[in-house]
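**Student:** no FASTA, just this:
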């Protein structure tokens, strides 16, 4: 197991507490360059695994809610 600096571990802990909806919303609407989606940082793999392996990715219901403006 890799020991991360406390700042990075705090961000990973935050990702692991995000709801399914919040993760989908961020995936779809995050600004370009958002650190959670930077493959050079440890966050992307954690985020992607939680969203797709834990929650099963987007659902039709969440997609519809995200498209409401």
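**Tutor:** All right, it came through fine. Everything quoted here is computed from the prediction, not taken from an experiment.
**Student:** can you list contacts of the least confident helix or strand in the chain by mean pLDDT?
**Tutor:** One helix or strand of the chain scores below all others by mean pLDDT, DSSP states H and E: helix 60-67, with a mean of 93. With contact meaning C-beta atoms under 8 Å, 6 or more residues apart in numbering, helix 60-67 is reached by 20-21, 24-25, 28-29. Glycine gets a C-beta too; all of them are placed from N, C-alpha and C.
**Student:** ok, now stretch 25-37?
**Tutor:** Applying C-beta under 8 Å, 6+ apart, the external contacts of stretch 25-37 come out as 11, 15, 18, 41, 43-44, 47, 51, 58, 66.
**Student:** helices and strands around the longest helix along the chain, which ones?
**Tutor:** Scanning the chain for the longest helix, with DSSP state H as the assignment, gives helix 6-17. On a contact count with 3 or more C-beta pairs under 8 Å, 6 or more residues apart in numbering; DSSP states H and E, helix 6-17 meets helix 43-48.
**Student:** contacts only, for the one residue sitting closest to the centre of the chain.
**Tutor:** Nearest residue to the geometric centre of the chain (C-alpha atoms, centre = their mean): residue 47, 3.7 Å. Contacts for residue 47 were tallied using C-beta under 8 Å, 6+ apart; they are 15, 23, 27, 36-37.
**Student:** contact partners of the longest helix of the chain?
**Tutor:** Helix 6-17 is contacted by residues 4, 23, 35-36, 41-43, 46-47, 50 when judged by C-beta under 8 Å, 6+ apart.
**Student:** which of those residues sit farthest apart?
**Tutor:** Within these, 4 and 23 form the most distant pair, 20.1 Å apart (C-beta to C-beta).
**Student:** thinking again about what came up before, just the buried residues from the contacts of helix 6-17, in ChimeraX please.
**Tutor:** To isolate the buried ones among those in ChimeraX, judged by 16 or more other C-beta atoms under 10 Å, type:
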select :23,36,42,43,46,47,50
